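Engineer: Provided below for reference: sequence and predicted model.
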Amino acid sequence: MIKLQIIGNLGKDCIVKEVNGKNVINFSVAHTERFKDAQGNQKERTTWVECAYWTDRTAVAQYLTKGRTVYAEGSPEADAYTNKEGQVSSTLRMRVQTVQLLGGNSPEGSGSNAGNVSNAGISKGPVAISAPAGTAEGADDLPF
């Protein structure tokens, strides 16, 4: 198994869909890396990951809003395609198994470790939200 872990910011509010009778929450996570190139110039590279979280617990969607910092973990998939300009490009996608809300941009506007959501709402400790063990919800139905 290959596992992908990312900490980044949501690029837009999530979208909840129903596909073949199952719920999926789609969201995009961006991670920006800052570094110096060989000439000493400051550079920046942003990687986007398109995420699909198959779950019955869609209450978390209200907290997956643009700018929110999240930790997501799951199985990666990569696709290559030709864009409008005729250039070959690629997309990194993840079937999310765990998502955890991190600090910043929380609904109540509190500080850097505002807590994480569960079906009951916001808790004070780090609570991860995961798909039930042994399930492969929507394994063949990516909603991207």
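Structural biologist: Received, thanks. All values derive from a computational prediction rather than experimental measurement.
Engineer: rest of the way, CA atoms for contacts and neighbours
Structural biologist: Fine.
Engineer: check contacts around R45.
Structural biologist: T32, E33, R34 (CA atoms under 8 Å, 6 or more residues apart in numbering).
Engineer: dihedrals phi and psi, it?
Structural biologist: phi -130, psi 130 (degrees, to the nearest 10).
Engineer: W54 bridge partners, please.
Structural biologist: Beta bridges link W54 to V24, judged by DSSP bridges.
Engineer: just how off-centre is whatever helix or strand T47 lives in within its chain?
Structural biologist: Element membership for T47 (DSSP states H and E) is strand 42-54. Centroid separation for strand 42-54 versus its chain: 8 Å, with CA atoms, centre = their mean, to the nearest Å.
Engineer: and it, what's buried?
Structural biologist: Going by neighbour count (16 or more other CA atoms under 10 Å), the buried part of strand 42-54 is W48, V49, E50, C51, A52, Y53, W54.
Engineer: likewise stretch 85-103?
Structural biologist: Neighbour count says stretch 85-103 has R93, M94, R95, V96, Q97, T98, V99, Q100, L101, L102, G103 buried, by 16+ other CA under 10 Å.
Engineer: please apply the same query to stretch 2-19.
Structural biologist: Result for stretch 2-19 [16+ other CA under 10 Å]: buried residues I6, I7, G8, N9, L10, G11, D13, C14, V16.
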